[in-house]
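[1] got a predicted model here, sequence first, then my questions.
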Amino acid sequence: MSRLPEQLTMSPSQALTLRTLAFEAYQERMFEPCLTHEEAERRIEELKKEIALADSF
């Protein structure tokens with residue numbers, strides 16, 4: 001049985017990006033090792049927006 005795209009786990013690249021952004025934003029709890037690809041992307045985008053907002057001040 002093949003897995004649907006939303007069921008795929010995050011890639012190693014996503015894991016590294018998410019861990020780095022979570023650390024930079026002081027939101028370490030945003031990183032979890034067993035996220036789906038889709039959830040990892042959502043969190044990455046959320047953290048990028050948070051960091052951009054903080055950098056704008």
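    That came through fine.

[2] separation between Glu45 and Glu38?
    Glu45 sits 11 Å away from Glu38, going by Cβ to Cβ, to the nearest Å. C-beta coordinates here come from the backbone N, C-alpha and C atoms, glycine included.

[3] quick one: distance of the longest helix along the chain to the chain centre.
    Ranked by residue count and defined by DSSP state H, the top helix of the chain is helix 37-55. How far helix 37-55 lies from its chain's middle: 7 Å, per Cα atoms, centre = their mean, to the nearest Å.

[4] ditto for stretch 47-56
    With Cα atoms, centre = their mean as the basis, stretch 47-56 stands 14 Å off its chain's centre.

[5] that stretch - what's its average pLDDT?
    What stretch 47-56 shows for mean pLDDT is 96.

[6] what does it contact?
    For stretch 47-56, contacts defined as Cβ atoms under 8 Å, 6 or more residues apart in numbering pick out 18, 21-22, 24-25, 27, 30.

[7] and with 7 Å instead?
    21-22, 24-25, 27, 30 (Cβ atoms under 7 Å, 6 or more residues apart in numbering).

[8] list only buried entries from those.
    By neighbour count, with 16 or more other Cβ atoms under 10 Å, the contacts of stretch 47-56 hold 21-22, 25, 30 as buried.

[9] now tabulate the residues you listed in a markdown table and tack on distance to Leu53 and pLDDT.
    Shown next, in a markdown table, are the buried ones among the contacts of stretch 47-56 (distance: Cβ to Cβ, whole Å; pLDDT from 0 to 100):
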| residue | distance to Leu53 | pLDDT |
| --- | --- | --- |
| Leu21 | 13 | 98 |
| Ala22 | 16 | 98 |
| Ala25 | 10 | 96 |
| Met30 | 15 | 96 |
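
[10] narrow these to those in helices?
    21-22.
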